[in-house]
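>>> I'd like to go over a predicted model; first the sequence, then the structure.
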Amino acid sequence: MSWADHMARASEFAGRGQFARAEVEYREALKMAEAHEAAVGEQPALPLAKTLNNVGMAYAAQFRLIEAESFLRRAVREWERGLGPTHGDVAIGLTNLGNILCSQGRLAEARQAYQRALHIRENEAEPLALARGLNNLAEVLRKEGDDAGAELLLRRAARVLGDSETAEAAASLNNLGQIFAARANHIEAEPLLRRAIAIWEQVSGPEHPSVAAGLNNLGALYRDLGRYTEAEALYRRSLAIREKTQGPGHPDYAQSLSNLAVLYFDQRRFAEAETLLRDSLAITRTVLGPAHPDLGLRLVNLGDLLARVRRYTAAEAFYRQALQIERGKEWSNTREKLASLLRVQGRIQEAKRLYRKSLAE
């Protein structure tokens, strides 16, 4: 079999979710590409770069993120060597690398990769690719707390796309809606989120993961407004889509469980909320590992619930686990929550030490 044969078979297996079989084919293709870079009729280094990229994406689909990162970094280097640092394929590799870094919560590194990819896209005459680059960078800035910078990029993406109804346009509307929602500007946020869902349903189908993401965000808006019945319906539809299309072991499914749990918490449905939070926590720990930021968030949510029902010992344990993950993160307020919990129990001196530590930082 040729390099192209192995790549085609690998792609077929990956498309069916048979990643172990895809990996075998990719490994064979990789051996051939490494040994005979110029033997398949393309420029030197290009078969190797393409293989490395696809192996990385196969690992990413299995949440083997460290391995995925290694292969994607090599792919970028090979594309740069074969095509130069400003070629569109380099932007593809940088975008894939940025996605992996973002999935690990390494936002500063993801931002750098997305910025390099965007710089390449700005010199091309492809509006959809440019809009994707703007959306990716805006999402990282939003997660880092730079809503103003994210909004500028998203408005630019909207200008690039005009009135087009594409997945890229839906992403821009969705992300801009989230920024307005975070500012409690619900009047502007709601139509943007609704429009994003409608476009995604039209271009990708009603059961696409992007639709689930949009439903999740609109549900969060309704939860903030106290429209709990509508929020629950949206969360449950999002959960059903993610279970069907991504599976009950996917981090997005865990996110939907967590969001529904927080809604139940607001309604004082504590037993239901705890069950969902524990399920979400188990998935997150298994798939993303013991040090991922999303795990820290889930630990804090469960700690909040247990503190609310006065199960202080259990709540303290979850807060302390979260602190181990959040160590050195300026955005964490878990220490303050733990200090309040200790104070409620009469452990005043321990609480004071935590408060002083927070003030010192």
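Looks like it arrived, so ask away.
>>> quick one: contacts for the most centrally placed residue in the chain?
For the chain, Ser103 is the residue whose C-alpha lies nearest the centre (Cα atoms, centre = their mean; 4.9 Å). With Cβ atoms under 8 Å, 6 or more residues apart in numbering as the criterion, the residues that contact Ser103 are 60, 65, 251, 288. The C-beta positions use only the backbone N, C-alpha and C, and glycine is treated the same way.
>>> Can you tell me how far it is from Asp252?
11 Å (Cβ to Cβ, to the nearest Å).
>>> so where does Ile197 fall, helix or strand?
helix 186-204 (DSSP states H and E).
>>> List the buried residues of whichever helix or strand comes after that helix.
Next along the chain after helix 186-204, taking DSSP H and E as the criterion, comes helix 209-224. Residues of helix 209-224 classed as buried by neighbour count (16 or more other Cβ atoms under 10 Å): 209-223.
>>> Give me the angle between helix 209-224 and helix 186-204.
160 degrees (axes from the mean of the first three to the mean of the last three Cα atoms, to 10 degrees).
>>> re earlier: now flag whichever of the contacts of Ser103 is closest to Tyr312.
Closest to Tyr312 out of the contacts of Ser103 is Leu288 (27.7 Å), distances taken as Cβ to Cβ.
>>> show me where the stretch 151-300 of the chain has helices.
167-182, 186-204, 209-224, 228-245, 251-266, 270-288, 293-308 (DSSP state H, counting those that start in this stretch).
>>> can you list those in JSON lines and add distance to Arg9 and mean pLDDT?
Converted to JSON lines, these look like this (distance: least, Cβ to Cβ, whole Å; pLDDT from 0 to 100):
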{"stretch": "helix 167-182", "distance to Arg9": "28", "mean pLDDT": "95"}
{"stretch": "helix 186-204", "distance to Arg9": "27", "mean pLDDT": "96"}
{"stretch": "helix 209-224", "distance to Arg9": "25", "mean pLDDT": "97"}
{"stretch": "helix 228-245", "distance to Arg9": "24", "mean pLDDT": "97"}
{"stretch": "helix 251-266", "distance to Arg9": "28", "mean pLDDT": "97"}
{"stretch": "helix 270-288", "distance to Arg9": "27", "mean pLDDT": "96"}
{"stretch": "helix 293-308", "distance to Arg9": "34", "mean pLDDT": "95"}
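>>> re the thing from before, and the helix holding Ile197, what does it pack against?
helix 167-182, helix 209-224 (3 or more Cβ pairs under 8 Å, 6 or more residues apart in numbering; DSSP states H and E).
>>> Tell me which of those helices approaches Met1 most closely.
helix 209-224 (33.0 Å).
>>> Columns distance to Ala314 on top of the helices and strands packed on helix 186-204, output as a markdown table?
Formatted as a markdown table, the helices and strands packed on helix 186-204 follow (distance: least, Cβ to Cβ, whole Å):
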| stretch | distance to Ala314 |
| --- | --- |
| helix 167-182 | 31 |
| helix 209-224 | 25 |
